[in-house]
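take a look and give me a structure for this.
(one chain, ligands or ions: 1)
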Amino acid sequence: APKTADITVHLDQSLGTIAPTIYGQFIEHLGRAIYGGIYDDQQHRFRPDVLEKVQRLRPTLLRYPGGTVTKIYHWKDGVGKNRPVRKNLIWGGYDNNHVGTDEFMEYARLLGAAPFLTVNMSTGTAEEAAEWVEYCNATEGDYATQRKANGHPAPYQVKYWGLGNEEAAKEDAGRLQDPRDYIKQAWYYAKLMKLQDPSVQLIMVGDKPDWNQQVLQELHPICDYIALHLYASSKPSDPASLFTSIAEMEAAIKTTAAQIAALTPPKVASFSKWYRFPARQQPVKIAVDEWGIWENGGRGAYDLEVDYTWNHALGVATFLNIFQRNAAVIGLATWAQTVNVLAPIMTNGTTSICQTIYYPLELYRRLCGPQSVAVTTTGTEALDVSASTDGKTLTLAIVNRDSKVVVPLKLNAKVAGPWTAHELNASSIEAMNTLKAPDKNVVSYKQRTLPAGATTYTAEAHSITILQAKL
Ligand code: AHR
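Numbering: from 1, shown residues only. This next block holds a predicted model:
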């Protein structure tokens, strides 16, 4: 008989509040992510079929315009009437700038997502970044006046601003590969941007522990978030290796968390004796402002149009468990990306589909949170589990990553009512939704209530289950 595993919930051990902003999305001027993805450039409108699918994901945050493209992106090209067509020097093709800041804001509004903009620290200037803050957030000034003239009287109140993107990456040949250069520039960008709007929250570029240590040490009085980009992948013909890769991501989170914990709180953020701003009120948090699964062999620009199997969906659920378990230190996360590029949603000229990875994200966003609590699992390596509560209901998120083994479970938790199970699965870990069969969904979803008093559950092979019970 298969071995029984124990899941024990420690309701008295809080792991922190799961920030609603961990459920963000990322869109970039890259391949068919925007044009041909969220936007129909023939009809000059957002694609309604795609919008409906993104809306169902209920993203709380939307990051734009990149990503690597940030290194060549100039926001002024994308506002007003006369917009130049620019070569996309990073990803290839052209950007006619039909989607720019105002269109992005409109998309974020339609989604109910908070906007998150990333500024150009490679070929841009600090002044340009500060002018973007003015365009978005000010009521007065030349750029605020331009925004009004472009039909947007009210400021957008953009709170989240990324200072650059992957600036440490040598292969991107950005301007600031040495952390000392980044730190120097980031102070200057931050100062000019905060002179425009002192309330902006700044996301600093992170990388390996050594870079992060230096950036945190020098910038932490003005650093609200340190960014980590967490892309998992699997080895050829070894689907289980995906989970080893994802475990390395959790290790990177824990290393960064320890570095943050060692910082001493700032009293004041002082750019000089003249420019002083309130110190951040909260401890530095981690912004996982790009996360996802990046497999070789995709199509399209830079082979980034990847088909995702059900195994990848198990990976996404594992990632979400990691975010929940590390809730105390993860302040936001944006999934890279949204449409066509490493994406849960794929399009062709006439239709769009949800890939397998779409479904766990939708389920977690709907049911989990807001307080993360400790949970231990014994008896198997196959399971990955997180637990959360709103004070009235206990929610367990259980992923059985084994492609063959069914795991009988003993649930050790004091609950007052029967468990309701929300079960996602597919016929095999290789199952995929593709545009070749747009009407076929390989992912099954079942909701059922377990018998009153039941303290056991069977986690089917390659399954994702959310169990909920009243406390
Ligand atoms: O998401 C695709 C790319 O991955 C982004 O542009 C970059 O930031 C990362 O390397």
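
state which strand of this structure is the longest.
strand 5-17 (DSSP state E).

okay, buried residues for that strand please.
Buried residues in strand 5-17, defined by neighbour count with 16 or more other Cβ atoms under 10 Å: 5, 7, 9, 11, 15-16. The C-beta positions use only the backbone N, C-alpha and C, and glycine is treated the same way.

repeat for stretch 131-146
Neighbour counts over stretch 131-146 (16+ other Cβ under 10 Å) mark 131-138, 143-144, 146 as buried.

C-alpha coordinates for it, CSV please?
Taking Å, rounded to 0.1, in the frame of the first residue of the first chain, the C-alpha atoms of stretch 131-146 are listed here in CSV:
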residue,chain,number,x,y,z
GLU,A,131,10.1,63.6,-15.9
TRP,A,132,8.3,60.3,-16.2
VAL,A,133,7.4,60.5,-12.5
GLU,A,134,6.1,64.0,-13.2
TYR,A,135,4.1,62.9,-16.2
CYS,A,136,2.5,60.1,-14.2
ASN,A,137,2.1,61.6,-10.7
ALA,A,138,2.2,65.4,-10.7
THR,A,139,-0.7,67.9,-10.9
GLU,A,140,1.6,70.7,-12.2
GLY,A,141,4.6,71.1,-14.4
ASP,A,142,5.3,70.8,-18.1
TYR,A,143,5.0,67.0,-18.2
ALA,A,144,1.9,67.0,-16.0
THR,A,145,0.4,69.5,-18.5
GLN,A,146,1.3,67.2,-21.4
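
mind checking how far it is from the chain centre?
28 Å (Cα atoms, centre = their mean, to the nearest Å).

what average pLDDT does it get?
For stretch 131-146, mean pLDDT is 98.

lowest average confidence, helix or strand, in the chain?
strand 268-270 (a mean of 63; mean pLDDT, DSSP states H and E).

which element follows that strand toward the C-terminus?
Counting by DSSP states H and E, the next helix or strand C-terminal to strand 268-270 is strand 276-278.

quick one: strands adjacent to the next helix or strand after that following strand?
Stepping forward along the backbone from strand 276-278, the first helix or strand reached (DSSP H and E) is strand 285-293. Sheet pairing here is set by DSSP bridges, and for strand 285-293 it gives strand 225-232 (parallel), strand 330-336 (parallel).

need the strands for the stretch 301-450 of the chain, in chain order.
For the stretch 301-450 of the chain, the strands defined by DSSP state E, counting those that start in this stretch cover 330-336, 345-347, 352-354, 371-378, 383-389, 393-400, 407-412, 420-425, 444-449.

just the ones you listed: most buried one?
The highest mean neighbour count among the strands of the stretch 301-450 of the chain, using mean count of other Cβ atoms under 10 Å, belongs to strand 330-336: a mean of 27.

output the helix or strand residue 458 falls within as PDB, nothing but the C-alphas.
Using DSSP H and E, the secondary-structure element containing residue 458 is strand 456-459. Taking Å, rounded to 0.1, in the frame of the first residue of the first chain, the C-alpha atoms of strand 456-459 are listed here in PDB:
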ATOM      1  CA  THR A 456      -7.600  11.900   5.500                       C
ATOM      2  CA  TYR A 457      -7.200  12.900   1.800                       C
ATOM      3  CA  THR A 458      -5.700  11.200  -1.200                       C
ATOM      4  CA  ALA A 459      -3.400  13.400  -3.300                       C
END
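
what is it packed up against?
Using 3 or more Cβ pairs under 8 Å, 6 or more residues apart in numbering; DSSP states H and E as the contact test, the elements touching strand 456-459 are strand 393-400, strand 407-412, strand 463-470.

which residues of the protein lie near the ligand?
Counting by Cβ under 6 Å from any ligand atom, the chain comes close to the ligand at 28, 66-68, 165-166, 229, 290, 336-337, 342.

which one of these is nearest to residue 52?
Closest approach to residue 52 among the residues of the chain next to the ligand (Cβ to Cβ): residue 337, at 17.9 Å.

can I assume the closest one is in contact with residue 27?
Yes: at 6.1 Å, residue 337 and residue 27 qualify as touching, with contact defined as Cβ atoms under 8 Å.

surely residue 418 meets residue 469?
Yes: applying Cβ under 8 Å as the test, residue 418 and residue 469 come out as touching, 6.5 Å apart.

so for those two, which residue has more residues nearby?
residue 469 (20 against 15; other Cβ atoms under 10 Å).

pull the number of nearby residues for residue 170.
Considering only other Cβ under 10 Å, residue 170 is surrounded by 7 other residues.

wait, I meant residue 122
Neighbours of residue 122 using other Cβ under 10 Å come to 19.

quick one: contacts for the nearest residue to it once chain neighbours are set aside?
Nearest-residue entry for residue 122: residue 71, 3.8 Å, with adjacent residues in sequence omitted and distances by Cβ to Cβ, 6 or more residues apart in numbering. Counting by Cβ atoms under 8 Å, 6 or more residues apart in numbering, residue 71 makes contact with 90, 120-123, 165, 172, 174.

and what of residue 77?
Neighbours of residue 77 in contact, by Cβ under 8 Å, 6+ apart: 83-84, 86, 95, 97, 100.

from the protein, which residue is nearest to the ligand?
Nearest residue of the chain to the ligand: residue 67, at 2.9 Å (Cβ to the nearest ligand atom).

give the bridge partners for the spatially most central residue of the chain, please.
Taking Cα atoms, centre = their mean as the criterion, residue 334 is the residue nearest the geometric centre of the chain, at 1.6 Å. In this entry, residue 334 is beta-bridged to residue 24, by DSSP bridges.

can I assume it is in contact with residue 64?
No: contact criterion Cβ under 8 Å: residue 334 and residue 64 do not qualify, at 9.5 Å.

spit out the residues that contact the two alike.
Residues touching both residue 334 and residue 64 (Cβ under 8 Å, 6+ apart) are 26, 116.

picking up where we left off before, which among the residues of the chain next to the ligand count as buried?
28, 66-68, 165-166, 229, 290, 336-337, 342.

mind putting these into a markdown table with pLDDT and distance to residue 278?
Listed next are those as a markdown table, based on pLDDT from 0 to 100; distance: Cβ to Cβ, whole Å:
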| residue | pLDDT | distance to residue 278 |
| --- | --- | --- |
| 28 | 98 | 32 |
| 66 | 96 | 30 |
| 67 | 96 | 30 |
| 68 | 95 | 33 |
| 165 | 97 | 26 |
| 166 | 96 | 29 |
| 229 | 98 | 29 |
| 290 | 98 | 29 |
| 336 | 98 | 32 |
| 337 | 97 | 34 |
| 342 | 98 | 37 |
